[in-house]
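**Q** dropping a prediction and its sequence here:
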Amino acid sequence: MEGDAARALVAEFSRPAVLRAVRAGLGGWRRAVLAGEPAGPFAAGPFLAEVRARLERERRPSLRRAINATGVVVHTNLGRAPLASEALAAMVEVGRGYASLEIDLATGRRGARVGGVEALLCLLTGAEAALAANNNAAAVLLALGALAAGGEVVVSRGELVEIGGSFRVPEIIRQGGAVLVEVGTTNKTRASDYERAIGPATRVLLKVHPSNYRITGFTAAPSHEELVAVARRHGLVVVEDLGSGTLVDTRRLGLPEEPTVQASVAAGVDLVTFSADKLLGGPQAGLVVGRAELVARLRAHPLMRAFRLDKLRLAALEATLRLYRDADGPPERVPVIAMLAQDGAVLRHKAERLANLLHGCEAVGLEVAEGIAFAGGGALPESELPTWTVAVQPLKQSVDDLAAALRRHEPPVIARVARGRLVLDVRTLAEPELAEAAQAVREALA
């Protein structure tokens, strides 16, 4: 039987993989014996079982699909925006073979890598030109490197923000080869503050949208039009980092107003940068829209090649933007938009269905209740989204052990822990995921 078990492993996992796992297992057993640890006698049966477990762990990819039951829609740790089915199909189509990435099919000559994306961004935002980099931090760095290197960038003190991953505006300005000039105060900055700070070395007036925090109360900031007017008087450029960015009037989703890319372009901002994988609901990318002559300078900058997108992300981005183009209102075929737009009746129905699927599991009790969810991803930081949840109090284990067991499930289920209970928020659970989440919880409780 032991020989049959070993042969079965080789047939399933390949001889090199089994040899690697056997050697690693034997090495661990020898080290335990030499260290005087209670390793026990060597037994082939249990040893081969451990080898199988090691091989199954190795075969499982580290990056895999997860079920988001946290209620945080744009969850950075869980990959931010889930993609629309159209975007996924576009990635498969161009990824399965060759693609018309940089060829003009009409002439046969080399073509523009982001031509389709640029045309859609211009149509949707009203900008003259556009380009795409691999994230918004790259887009900001590219803009400052192309337009402000060797000069000064003027920024309000209230906008010297840090985004996740230690992205700090002052450091990005320095990396772009420019000198930071701070104006105003944390809570109040006026157009006249920018005007007084302008000197011979000034190149850019930078405006940064505080995506992940708010300063409220005794505050003041110049409007886009005022800042543009200052720049025009001095022959300067206004660059705005909109952070999460949105092409949709968030009030139509029942949310507080978030500034749109279209509004900044209409106000005369020269370049606007924003993310594609947050409120836009596309793949990771940093988008730049604005004046054609400035976008051309970014496109010609040496960093552009380092920051450019591959064919898979370009395909997904173009497919996502087409959904915006073709929608009559908010494009609810984009999962992020659909999740943000869910109303209370839909959410309550999902929570009740999830509770029914969990009925009879080994828990002290289940509670269906209203709760609070969040947009996440540094977007709408003050906005609490009403939601519905199912709270589970385990009978035979701690709630932390239950949460850990769910993370080990295939696919992993990520939930919240609050007041000694596991909380499953249905705002971020797609309909097909309700049964999967319920099955994972039932297995973890058992």
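**A** Perfect, thanks for sending it.
**Q** low-scoring stretches of the chain, by residue?
**A** Within the chain, the stretches with pLDDT under 70 are 1-2, 39-40, 163-166, 211-213, 378, 381-382.
**Q** break it down into its domains, please.
**A** Here the domain assignment for the chain is 2-59, 67-77+338-445, 85-333, based on automatic domain parsing.
**Q** and the last one, how far apart are its ends?
**A** Length of domain 85-333, first residue to last, C-alpha to C-alpha, to the nearest Å: 8 Å.
**Q** and Leu253, how many neighbours?
**A** Leu253: 23 surrounding residues under other C-beta atoms under 10 Å. For glycine as for every other residue, the C-beta is placed from the backbone atoms N, C-alpha and C.
**Q** hang on, isn't it packed against Pro330?
**A** Yes. Counting by C-beta atoms under 8 Å, Pro330 is a contact partner of Leu253 at 6.0 Å.
**Q** please enumerate the shared neighbours of those two.
**A** Ile337, Ala341 (C-beta atoms under 8 Å, 6 or more residues apart in numbering).
**Q** need the contact partners of the helix ranked longest in the chain.
**A** As assigned by DSSP state H, the longest helix anywhere in the chain is helix 15-34. Residues outside helix 15-34 that contact it (C-beta under 8 Å, 6+ apart): Ala6, Leu9, Val10, Phe13, Ala39, Phe42, Phe47, Glu50, Val51, Arg54, Leu55, Glu58.
**Q** do you know how far the first one is from Val51?
**A** Spelled out, that is Ala6. Distance of Ala6 to Val51, computed by C-beta to C-beta, to the nearest Å: 9 Å.
**Q** which one's more surrounded, these two?
**A** Per other C-beta under 10 Å, whichever of Ala6 and Val51 has more neighbours is Val51, with 24 against 15.
**Q** OK, contacts around that one?
**A** Counted by C-beta under 8 Å, 6+ apart, Val51 has contacts Leu9, Val18, Ala21, Val22, Gly25.
**Q** mind telling me what element it is part of?
**A** helix 44-59 (DSSP states H and E).
**Q** ok, now Gln393?
**A** Counting by DSSP H and E, Gln393 is part of strand 379-394.
**Q** okay, that strand in PDB with CA atoms only?
**A** In PDB, the C-alpha atoms belonging to strand 379-394 read as follows (Å, rounded to 0.1, in the frame of the first residue of the first chain):
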ATOM      1  CA  ALA A 379     -12.700  57.000  -1.400                       C
ATOM      2  CA  LEU A 380     -15.600  58.800   0.300                       C
ATOM      3  CA  PRO A 381     -13.900  58.600   3.700                       C
ATOM      4  CA  GLU A 382     -16.800  60.200   5.700                       C
ATOM      5  CA  SER A 383     -19.500  58.100   4.000                       C
ATOM      6  CA  GLU A 384     -21.100  55.300   5.900                       C
ATOM      7  CA  LEU A 385     -23.100  53.100   3.600                       C
ATOM      8  CA  PRO A 386     -26.200  51.500   5.200                       C
ATOM      9  CA  THR A 387     -26.100  47.700   4.800                       C
ATOM     10  CA  TRP A 388     -27.400  44.500   6.100                       C
ATOM     11  CA  THR A 389     -25.300  41.800   7.900                       C
ATOM     12  CA  VAL A 390     -25.600  38.300   9.300                       C
ATOM     13  CA  ALA A 391     -23.800  37.800  12.600                       C
ATOM     14  CA  VAL A 392     -22.700  34.400  13.700                       C
ATOM     15  CA  GLN A 393     -21.600  33.400  17.200                       C
ATOM     16  CA  PRO A 394     -19.800  30.100  17.200                       C
END
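**Q** give the buried residues for it.
**A** For strand 379-394, the neighbour count (16 or more other C-beta atoms under 10 Å) marks Ala379, Leu380, Ser383, Leu385, Thr387, Trp388, Thr389, Val390, Ala391, Val392, Pro394 as buried.
**Q** stretch 54-72 too?
**A** Under 16+ other C-beta under 10 Å, the buried positions of stretch 54-72 are Arg54, Leu55, Ala66, Ile67, Asn68, Ala69, Thr70, Gly71, Val72.
**Q** in helices only, show me these.
**A** Among those, the members falling in helices (DSSP H) are Arg54, Leu55.
**Q** narrow the buried residues of stretch 54-72 to those in strands?
**A** Residues of the buried residues of stretch 54-72 located in strands (DSSP state E): Ile67, Asn68, Ala69, Val72.
**Q** of all the residues you listed, which comes closest to Arg96?
**A** Arg96 lies nearest to Ile67 out of these, by C-beta to C-beta, at 27.0 Å.
**Q** please name the bridge partners of the closest one.
**A** Val413 (DSSP bridges).
**Q** just give the closest residue to the one residue sitting closest to the centre of the chain, not the sequence neighbours.
**A** Nearest to the geometric centre of the chain sits Arg80, at 2.7 Å (C-alpha atoms, centre = their mean). Spatial nearest neighbour of Arg80, excluding adjacent residues (C-beta to C-beta, 6 or more residues apart in numbering): Asp277 at 4.6 Å.
**Q** which of the helices or strands spans that neighbour?
**A** Here Asp277 is assigned to no helix or strand, by DSSP H and E.
**Q** Leu424 too?
**A** With DSSP H and E as the criterion, Leu424 is inside strand 421-425.
**Q** now do the helices in the stretch 151-300 of the chain.
**A** Assigned by DSSP state H, counting those that start in this stretch, the stretch 151-300 of the chain shows helices spanning 169-175, 191-197, 224-234, 261-266, 292-300.
**Q** now the phi/psi pair for Leu147, please.
**A** phi -110, psi -20 (degrees, to the nearest 10).
**Q** kindly report the same for Gln397.
**A** phi -150, psi 170.
**Q** how about the contacts made by it?
**A** Neighbours of Gln397 in contact, by C-beta under 8 Å, 6+ apart: Ala405, Leu445.
**Q** distance of it relative to Ala405?
**A** In terms of C-beta to C-beta, Gln397 sits 8 Å off from Ala405.
**Q** count of residues packed around Ala191?
**A** Other residues near Ala191 come to 19 when the count uses other C-beta under 10 Å.
**Q** let me see the contact set for Gln439.
**A** Listed by C-beta under 8 Å, 6+ apart, the contact set of Gln439 reads Leu357.
**Q** tally of neighbours for Glu162?
**A** Glu162 has 13 nearby residues by other C-beta under 10 Å.
**Q** work out for me the element Ala11 sits within.
**A** helix 2-13.
**Q** so what touches that helix?
**A** Here helix 2-13 has contacts from Val18, Ala21, Ala44, Gly45, Leu48, Val51, Arg52, Leu55, Arg59, using C-beta under 8 Å, 6+ apart.
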